[in-house]
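[1] Predicted model follows, preceded by the sequence.
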Amino acid sequence: MNEEGSVMHADVCVLGAGPGGAAAALQLSRMGVPCLVVDRAVFPRDKVCGDGLSGKVLTILRRIDPAVAERLSRADCKADSWGVSFIAPNRIGMDIPLKLGYEREMDKPVGFVSRRIDFDDLLVQELRQRPGVTLVEGQSLDEFRLEDDGWLLTGKGGGGLRVKAKLVIVANGAHSAFTRDIAGHGMDPDHHCAGVRAYYRGVTGCHPHNFIELHFLKGVLPGYFWIFPLPGGSANVGLGMLSSEVARRKVNLRKLLEETVAEDPVMRERFRGATLEGRIDGYGLPLGSRRRRLYGERYMLVGDAGHLIDPFTGEGIGNAMYAGYYAAMQAAEALRTGDTSAASMAPYEADVYRVLGPELEVSHRLQKMVRHPWLFNFLMRIGARNRELRELMTCMFNDVDLRNRFRDPRFYLRLLFNRG
Ligand SMILES: Cc1cc2nc3c(=O)[nH]c(=O)nc-3n(C[C@H](O)[C@H](O)[C@H](O)COP(=O)(O)OP(=O)(O)OC[C@H]3O[C@@H](n4cnc5c(N)ncnc54)[C@H](O)[C@@H]3O)c2cc1C
């Protein structure tokens, strides 16, 4: 890393220090590759999110650096969550633990819920201590020019911080100008979700082991209303809906959230004594239900900038971190060989879709199924009585191959005729 005139030079610039960028920078540091990380925010900063962190987060952190995973699993800013409750439009619910027999191993958390202002800061604190990582906060990079020896990145109108990098890992989120202007990926309302979230204190009826709740309420389909319990008696409450549906039905999501809490017969009771903390905020979720090109000359797109959010669950943090990890590996290889051409970046995309692709595909099918409430109701009715199915779903949280069973029509026939 060196500064020449007013331009900072770097082999690798990581644009954005959210989970995707942080994972990339941590992995680069582990491999001894210096990088410059630039974020327009100063941490700790908030990010509109459900705050639900799946098992993928700890899994990939363990691969990057077991000590970071260990520190995260001991952090007290999170509530350990041991499962997911799916509630169908007919209100039949199914509780799926994240791990079979988890009650015997509650000292080994799998998933958790943590406000992003805390979780992202935890990762950034790790970055600050890493050798080879230069972190610049409070600087926005919005304009990009490809020159012979790398990308020139600057603020709006060419001002602000100026960075010259041989390679850019683009991890600046759902509204990335790089994704839009350089990679040419616009927002596709059929593959994009709009979400709002709020924090409430004193919601009653939560699961004793902090299961996160996905309520597929009739008025919210195809999307869901969620309650994710946080430490200290608060909960992240929100709802998300496909953007094409929001536009078609002219839905005001903030209003829908308020109405659900106040008027839905079940929620009205559970929120009776609850208070809203702060305000209801919204943000976009670029879904991975349509594959995008994740690379080009001297760049790779990571996380939301690569449209990698799970179209059924809305999970994007773990996916962003996996993508960040693979982008770092590819960046190291490109620097080693001196080949930063678009073609040389292709293995990055292959890695991302090899690992996340099957899961994104199955989730897209599930998302489509949710558009048929009768089918969803039917499956939940069977599932609620079928221990084998519930255990299978628990295993599926940890095994993508098992998730593929959802693609096979025989799976549904077996469920129908084997209700044991
Ligand atoms: C309502 C809602 C609920 C969600 N719930 C969940 C959930 O429960 N679980 C889950 O896993 N996922 C959830 N997601 C998705 C999740 O929030 C994202 O997938 C995740 O944040 C992606 O991480 P990222 O690192 O790619 O991007 P981000 O977390 O968005 O980080 C991008 C970073 O880039 C910085 N940046 C942006 N522009 C610039 C610029 N021009 N210059 C410099 N820096 C810049 C930003 O300041 C930010 O720090 C939800 C999303 C929404 C909107």
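    Thanks, I have it. Residues are numbered from 1 along each chain as shown.

[2] Do I have it right that K56 meets A320?
    No: assessed by C-beta atoms under 8 Å, K56 is found out of contact with A320, at 9.9 Å. For every residue, glycine as well, the C-beta is placed using N, CA and C.

[3] Mind giving me the packing neighbours of whichever strand or helix holds E259?
    E259 belongs to helix 253-263 when assigned by DSSP states H and E. Secondary-structure packing of helix 253-263 (3 or more C-beta pairs under 8 Å, 6 or more residues apart in numbering; DSSP states H and E): strand 192-201, strand 234-242, helix 265-270, strand 275-286.

[4] neighbour-wise, which of K56 and A320 wins?
    A320 (30 against 23; other C-beta atoms under 10 Å).

[5] most neighbours per residue, which of the helices and strands packed on helix 253-263?
    For the helices and strands packed on helix 253-263, the largest average neighbour count (mean count of other C-beta atoms under 10 Å) is found in strand 234-242, namely a mean of 24.

[6] That one: what's the following helix or strand?
    Next element after strand 234-242 (DSSP H and E): helix 243-249.

[7] Alpha carbons of that next one, as CSV, please.
    What follows is helix 243-249, C-alpha atoms only, in CSV (Å, rounded to 0.1, in the frame of the first residue of the first chain):
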residue,chain,number,x,y,z
SER,A,243,-40.7,-5.9,-5.2
SER,A,244,-42.9,-6.7,-8.2
GLU,A,245,-45.7,-7.6,-5.8
VAL,A,246,-45.2,-4.4,-3.8
ALA,A,247,-45.5,-2.4,-7.0
ARG,A,248,-48.4,-4.4,-8.4
ARG,A,249,-50.5,-4.1,-5.2
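
[8] Work out the gap between that helix and the centre of the chain.
    Here helix 243-249 is found 22 Å from its chain centre; the criterion is C-alpha atoms, centre = their mean, to the nearest Å.

[9] in it, what's buried?
    Within helix 243-249, the residues that count as buried by 16 or more other C-beta atoms under 10 Å are S243, S244, E245, V246.

[10] cool, and stretch 167-186?
    167-174, 176-179, 182-183, 185.

[11] Kindly report the same for stretch 378-389.
    Buried, per 16+ other C-beta under 10 Å, within stretch 378-389: F378, L379, M380, I382, G383, N386, L389.

[12] Make JSON lines out of the buried residues of helix 243-249 and add pLDDT and distance to H191.
    Below are these laid out as JSON lines (pLDDT from 0 to 100; distance: C-beta to C-beta, whole Å):
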{"residue": "S243", "pLDDT": "96", "distance to H191": "9"}
{"residue": "S244", "pLDDT": "95", "distance to H191": "9"}
{"residue": "E245", "pLDDT": "93", "distance to H191": "12"}
{"residue": "V246", "pLDDT": "96", "distance to H191": "13"}
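
[13] Kindly indicate which of the residues you listed lies nearest the ligand.
    Comparing the buried residues of helix 243-249 against the ligand with C-beta to the nearest ligand atom places S243 closest, at 11.4 Å.

[14] residues in contact with the closest one?
    By C-beta atoms under 8 Å, 6 or more residues apart in numbering, the contact list for S243 reads M187, P189, D190, H192, C193, A194, G284.

[15] Can you give me the distance of the closest residue to the last one other than its chain neighbours to the ligand?
    Read that as G284. Take G284 and drop its neighbours on the chain: the residue closest to it by C-beta to C-beta, 6 or more residues apart in numbering is A174, 4.6 Å away. Separation of A174 from the ligand (C-beta to the nearest ligand atom, to the nearest Å): 6 Å.

[16] Can I take it that A174 is in a helix?
    No: read with DSSP: H, G, I helix; E, B strand; the rest coil, A174 is coil and lies in no helix.

[17] The buried residues of stretch 378-389 in helices, which ones?
    Assigned to helices by DSSP state H, the following of the buried residues of stretch 378-389 qualify: F378, L379, M380, I382, G383, L389.

[18] possible to save those residues as JSON lines with pLDDT and distance to the ligand?
    Formatted as JSON lines, these follow (pLDDT from 0 to 100; distance: C-beta to the nearest ligand atom, whole Å):
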{"residue": "F378", "pLDDT": "77", "distance to the ligand": "27"}
{"residue": "L379", "pLDDT": "76", "distance to the ligand": "23"}
{"residue": "M380", "pLDDT": "77", "distance to the ligand": "21"}
{"residue": "I382", "pLDDT": "76", "distance to the ligand": "27"}
{"residue": "G383", "pLDDT": "74", "distance to the ligand": "22"}
{"residue": "L389", "pLDDT": "68", "distance to the ligand": "24"}
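
[19] Just the closest of those to D95, please.
    G383 (10.2 Å; C-beta to C-beta).

[20] Wait, that closest one touches I87, no?
    No: applying C-beta under 8 Å as the test, G383 and I87 come out as separate, 11.7 Å apart.

[21] what touches both of these two?
    Common neighbours of G383 and I87 (C-beta under 8 Å, 6+ apart) are M94.

[22] Phi and psi next, for the most centrally placed residue in the chain.
    In the chain, the centroid-proximal residue (C-alpha atoms, centre = their mean) is G316; its distance is 1.3 Å. Dihedral angles of G316 (phi, psi; degrees, to the nearest 10) stand at phi -130, psi -20.

[23] need the contact list for it.
    Counted by C-beta under 8 Å, 6+ apart, G316 has contacts L285, G303, D304, L308, I309, D310.

[24] again with G296
    Contacts of G296 (C-beta under 8 Å, 6+ apart): I182, A183, A342, M345.

[25] what's the answer for F376, then?
    Applying C-beta under 8 Å, 6+ apart, the residues contacting F376 are A88, P89, F216, M369, V370.

[26] Compute the number of surrounding residues for the last one.
    Using other C-beta under 10 Å, V370 has 20 neighbouring residues.

[27] Wait, it touches L221, no?
    Yes: V370 lies in contact with L221 (C-beta under 8 Å); the separation is 6.0 Å.

[28] Looking at neighbours, which among the contacts of F376 is most surrounded?
    Using other C-beta under 10 Å as the neighbour criterion, A88 leads those with 24 neighbours.

[29] sorry, back to before: taking the contacts of S243 together, which two end up most distant?
    D190 and G284 (13.5 Å).

[30] What is the neighbour count of W82?
    Neighbour number of W82 under other C-beta under 10 Å is 22.

[31] Alright, calling it a day.
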